[in-house]
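A.B. asks: model this:
(2 chains)
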There are 2 protein chains.
Amino acid sequence: MSVQLAGRLAARADEPLGDRCPMDRALQLVGNRTSLLLLREVFYGVSRFDALVKRVGVTEASAAQRLRELVEIGVLAKEPYKEPGQRTRYAYVLTEAGHDLLPVVLALVQWGARHTDGPAPRMRHADCGKPISVALHCAADHDVVEDDVIVG
Amino acid sequence: MSVQLAGRLAARADEPLGDRCPMDRALQLVGNRTSLLLLREVFYGVSRFDALVKRVGVTEASAAQRLRELVEIGVLAKEPYKEPGQRTRYAYVLTEAGHDLLPVVLALVQWGARHTDGPAPRMRHADCGKPISVALHCAADHDVVEDDVIVG
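C.D. replies: Presented below is the predicted three-dimensional model:
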């Protein structure tokens, strides 16, 4: 059982795919664990630097560096806010490219809940209460199995 | 717009989620770039050590270490094979837990194809030729938007 490669991806022989692979390019941008934990928190509605640092459990320096990268690559945007008597601070919000990472984040949640030891939160639909899964969807609504996926 | 947290995940205040988060546990096991590139190749039907090394473009030592880890955590299994006149070698195949990583791999492919510069292979269904996407699926077949996802 395997995914089928077509086109240029299939033509390659023994040389590395490297940057021709969009998964590799994605990992180079957002594949860092701290980056993904920060994005998880922003998906969960956390936006302020101090709260992000606490919830992810990293140093301020590490969070600042990763947040700067995520802003640079266009996954997060900084929005200024100001509380009375304080200097201007910034909140982090997802851009469109950031929101598009939801399937990545939830696919990892789903796999971790199924295949690792520890609390296994379930995903469900607010409207109807039924389970939500991250799955392959065919535009013609067919069921999709691994062997029937062509990438190319 | 944000995903809703429920139950124990919502109850937490400012302390890190840490290992209570299945995404973090997943990243600790398979979140390494080399590991995911190796898994990508196994999904694409590559199984032998030498071919995996070449296609991923890492050193033999690095590939060997990551493959050993992936076997240890139960994502890959080693199958012995023997060619005439050669010593026994091992091929790497996905276990059930490994196959369950397909949405993670393809969600990264999908995001990278949309939001990074470079070749953007498309995913399509072998049976009907229509596009395949990695998407949130409600068991009651409702369309799912980010705000309507409850994790908890």
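
A.B. asks: Tell me which helix or strand residue A:61 sits in.
C.D. replies: Using DSSP states H and E, residue A:61 falls within helix A:60-72.

A.B. asks: For the helix or strand that comes right after that helix, what is the distance to the chain centroid?
C.D. replies: Per DSSP H and E, the first helix or strand lying C-terminal to helix A:60-72 is strand A:76-81. Its chain's C-alpha centre and that of strand A:76-81 lie 19 Å apart, by CA atoms, centre = their mean, to the nearest Å.

A.B. asks: One more: stretch A:110-129?
C.D. replies: Distance, centroid of stretch A:110-129 to centroid of chain: 16 Å (CA atoms, centre = their mean).

A.B. asks: need the contact list for residue A:100.
C.D. replies: Taking CB atoms under 8 Å, 6 or more residues apart in numbering or on different chains as the criterion, residue A:100 is in contact with B:111, B:114-115. C-betas here are computed from N, CA, C, even on glycine.

A.B. asks: rerun at 6 Å
C.D. replies: Contacts for residue A:100 (CB atoms under 6 Å, 6 or more residues apart in numbering or on different chains) come out as residue B:111.

A.B. asks: coming back round to it: the helix holding residue A:61 packs against which elements?
C.D. replies: Counting by 3 or more CB pairs under 6 Å, 6 or more residues apart in numbering or on different chains; DSSP states H and E, the packing neighbours recorded for helix A:60-72 are helix A:33-43, helix A:49-56.

A.B. asks: With mean neighbour count and mean pLDDT as added columns, please give those in a markdown table.
C.D. replies: A markdown table is the format used below for the helices and strands packed on helix A:60-72 (neighbours: other CB atoms under 10 Å in any protein chain shown; pLDDT from 0 to 100):
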| stretch | mean neighbour count | mean pLDDT |
| --- | --- | --- |
| helix A:33-43 | 23 | 96 |
| helix A:49-56 | 19 | 93 |
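
A.B. asks: And the next helix or strand past the worst-scoring helix or strand of chain A on mean pLDDT?
C.D. replies: Here the helix or strand of chain A ranked lowest by mean pLDDT, DSSP states H and E is helix A:7-11, holding a mean of 63. Later in the chain than helix A:7-11, the nearest helix or strand by DSSP H and E is helix A:22-30.

A.B. asks: re the thing from before, can I get the helices and strands packed on helix A:60-72 in TSV with distance to residue A:106?
C.D. replies: Formatted as TSV, those follow (distance: least, CB to CB, whole Å):
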stretch	distance to residue A:106
helix A:33-43	9
helix A:49-56	18
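
A.B. asks: do you know which of those helices lies nearest residue B:137?
C.D. replies: When those are compared by CB to CB, helix A:33-43 sits nearest residue B:137, at 17.9 Å.
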